[in-house]
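Peer 1: Here is the input, now give the coordinates:
(one chain, ligands or ions: 2)
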Amino acid sequence: MGTLRKNNMSIYKSIVAAIFMVAGSIGVASAEEGDPVAGKKVFKSCAACHSVAENAKNGVGPVLRGVVGRPAGSFEGYKYGKSLKAANADGLVWDKEQLFNWLNSPKDFLRAYLDDPKAKSKMPFKIKDEQKRRDVIAYLESLSPSQGDKAEAPDMTHGDTPFDTSQMGSGSNADETAGLERVSQTLVNPPLIPQHDQIAKGGPKVVEIELVVEEKKWVLDGDGTEIVALTFNGSIPAPMIVAHEGDYIELTLKNPDSNLMEHNIDLHAATGALGGAGITTIAPGEQSVLRFKATKAGVFLYHCAPEGSMTPYHVTHGMTGAIMILPREGLKDDQGNQLKYDRAYYIGENDFYVPRDEEGNFKKYDAAGEDLADWIESMKTLTPSHIVFNGRVGALTGEGAMKANVGESVLFLHVQGNRDTRPHLIGGHGDFVWETGSFTSPPMKDLETWFVRGGSAGAALYTFRQPGVYAYLNHNLIEAVELGAAAHVVVEGEWNDDLMKQVYIGPIK
Ligand code: HEC
Ligand SMILES: [Cu+2]
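Peer 2: Numbering: from 1, shown residues only. Ligands and ions are numbered 1, 2, ... in the order given. You can find the predicted model right below:
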């Protein structure tokens, strides 16, 4: 098969050569040579994942200094994907032409080279423009090879941590969940949460969940500011999952072939393997199934956590959600009395860092990952362009407003994957607040504003006593009013004069 492959490659090469000869005769032959100076600029879009510094260390992708003329998949210490390793074993050495084709589409390049329609690349990036490809290759060629630096440890952020699955009992035949009832949970769009029992019925169950990653265009505000969002199940925030302490969650994560990037899931409710991120990373076209036991009661963040800069990148593109693990006997106050809710609403707060052009206008991109270099620069300013509830400015106002009636108890679940926030219900309170999200700690009582730490979720229970339109917002009022972190709750019922009355309004008497 190896020789067949090489024959294919040489036929391919002669076709490419023929095309260039034709192109040459119409006068664009000079375009075949890249310009290293222009290529240095192009490399900015690679730099989010690759380094070319002297003694560079691997990032999301391998060090590229000296890549021209180097065997493919060979830079020391980098964990290459299976297909690139196969190409290495087959003797692939990067020359300019192969890099040219690789950059057009790493996946298609590997499929053609390995003659394997299932081959995959971990590199979620491509350049369509031929001149840019030639330029960046010329730039890479102009750099002398790197020695690497084995002394330097990799960043210890989520996905960079080498996760050793050899310690896992995945080979064991014992099924911890044998004999348990299995239920499949139907996920719903936020701000609603799945149907569930507040007090568990029967023994622990296996709760089956399916999340499908969707990379899609997403409008953030009324001005049409658009990003290519990364989502679980197409919503921002990702759907709420609900189970009880002691249940097992069996989560199927799918990354359809139409996506461009790798994804995974880190659930703060789970124990081990980076919250699941260590054993769920999947390329487009793959799925992974994670099962974990819900041992802690509370409401928790879950999010995508690929590698290095990709973690904040995915999180700030919408990949955050929440999972509520209720105590089996339901919620209790600080005295141990039962607490119940008539409704629950789920507010996901997200900060976005949409890059701007020279004129200060928001830039638009066509495909997932295309904004990577710009976005990383923009997010490093720690200055969000948008801070919104449920994915866009105004998602939970007007038609989207939350509803309740006087006398009803409403549980507000609030998640923020990245930044601190301070929910406040204008004209109401938090009667019972599990600020840190933990249901095993007693709730605080009668709060005006509560604090939800970035990287967590919190819960607040309030019984409405007056009708009206309430604003539920992040009480950094600049973030609420100027950037979007505000919602409405429309409450119907009888006004209570005893609680509040307009005694007089008019000219000064
Ligand atoms: C979003 C991250 C990302 C971006 C952006 C990116 N790459 Fe990559 N690149 C990777 C990953 C991950 C791999 C490893 C692929 C594998 O193992 O399948 C890789 C591998 C490569 C390889 C193979 C290296 C080797 O040692 O075999 C080359 C060449 C390469 N990238 C060039 C580029 C260039 C040039 C750019 C910019 C035009 C770029 N990449 C942009 C993530 C990225
Ligand atoms: Cu992701």
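
Peer 1: Please make it C-alpha for all contacts and neighbour counts, starting now.
Peer 2: OK.

Peer 1: Relative to ligand 1, how far out is the closest residue to Pro284 other than its chain neighbours?
Peer 2: In space, and not counting its chain neighbours, Pro284 is closest to Asp257: 4.5 Å by Cα to Cα, 6 or more residues apart in numbering. For Asp257, the distance to ligand 1 equals 16 Å [Cα to the nearest ligand atom, to the nearest Å].

Peer 1: what pLDDT does Asp257 get?
Peer 2: Listed pLDDT for Asp257 reads 86.

Peer 1: That one against Gln287, yeah?
Peer 2: No: using Cα atoms under 8 Å, Asp257 is not in contact with Gln287; the gap is 10.3 Å.

Peer 1: Could you measure from Asp357 over to ligand 2?
Peer 2: 25 Å (Cα to the ion, to the nearest Å).

Peer 1: for Tyr345, that is, sorry about that
Peer 2: From Tyr345 to ligand 2 the distance is 25 Å (Cα to the ion).

Peer 1: Gly321 now?
Peer 2: For Gly321 relative to ligand 2 (Cα to the ion), the value is 12 Å.

Peer 1: same check, this time on Lys254
Peer 2: Counting by Cα to the ion, the gap from Lys254 to ligand 2 is 11 Å.

Peer 1: ditto for Tyr139
Peer 2: On the measure of Cα to the ion, Tyr139 and ligand 2 end up 30 Å apart.

Peer 1: number of nearby residues for that residue?
Peer 2: Tyr139: 21 surrounding residues under other Cα atoms under 10 Å.

Peer 1: And for Gly484?
Peer 2: 27.

Peer 1: Flag every residue of the stretch 251-400 of the chain that's near ligand 2.
Peer 2: Residues of the stretch 251-400 of the chain found near ligand 2 (Cα under 5 Å from the ion) are His263, Cys304, His314.

Peer 1: 8 Å instead, please
Peer 2: Residues of the stretch 251-400 of the chain lying near ligand 2 by Cα under 8 Å from the ion: 261-265, 303-306, 310-311, 314-315, 319.

Peer 1: start to end distance for stretch 448-460?
Peer 2: By Cα to Cα, to the nearest Å, the extent of stretch 448-460 from end to end equals 11 Å.

Peer 1: The residue nearest to Pro284 sits in which helix or strand?
Peer 2: Taking DSSP states H and E as the definition, Asp257 sits outside all helices and strands.

Peer 1: Show me where this protein dips below the pLDDT cut-off.
Peer 2: 1-31, 146-173 (pLDDT under 70).

Peer 1: Going by proximity to ligand 2, name the top residue of it.
Peer 2: Using Cα to the ion, the closest approach of the chain to ligand 2 is made by His263 at 3.8 Å.

Peer 1: which residues does that residue contact?
Peer 2: Val213, Asn255, Thr280, Thr281, Ile282, Ala283, Cys304, Ala305, Pro306 (Cα atoms under 8 Å, 6 or more residues apart in numbering).

Peer 1: Buried subset of the residues you listed, written for PyMOL?
Peer 2: This is the PyMOL syntax for the buried subset of the contacts of His263, where burial follows 16 or more other Cα atoms under 10 Å:
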select buried, resi 213+255+280+281+282+283+304+305+306
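
Peer 1: Who has more neighbours out of Asp257 and Gln287?
Peer 2: Using other Cα under 10 Å, the more surrounded residue of Asp257 and Gln287 is Gln287, with 19 against 11.

Peer 1: C-terminal to the strand or helix carrying that one, what's the next element?
Peer 2: Element membership for Gln287 (DSSP H and E) is strand 286-293. For strand 286-293, the succeeding helix or strand toward the C-terminus, using DSSP H and E, is strand 298-303.

Peer 1: Now do that following strand: which elements does it pack against?
Peer 2: Judged by 3 or more Cα pairs under 8 Å, 6 or more residues apart in numbering; DSSP states H and E, the packing partners of strand 298-303 are strand 266-267, strand 320-326, strand 409-416, strand 456-463.
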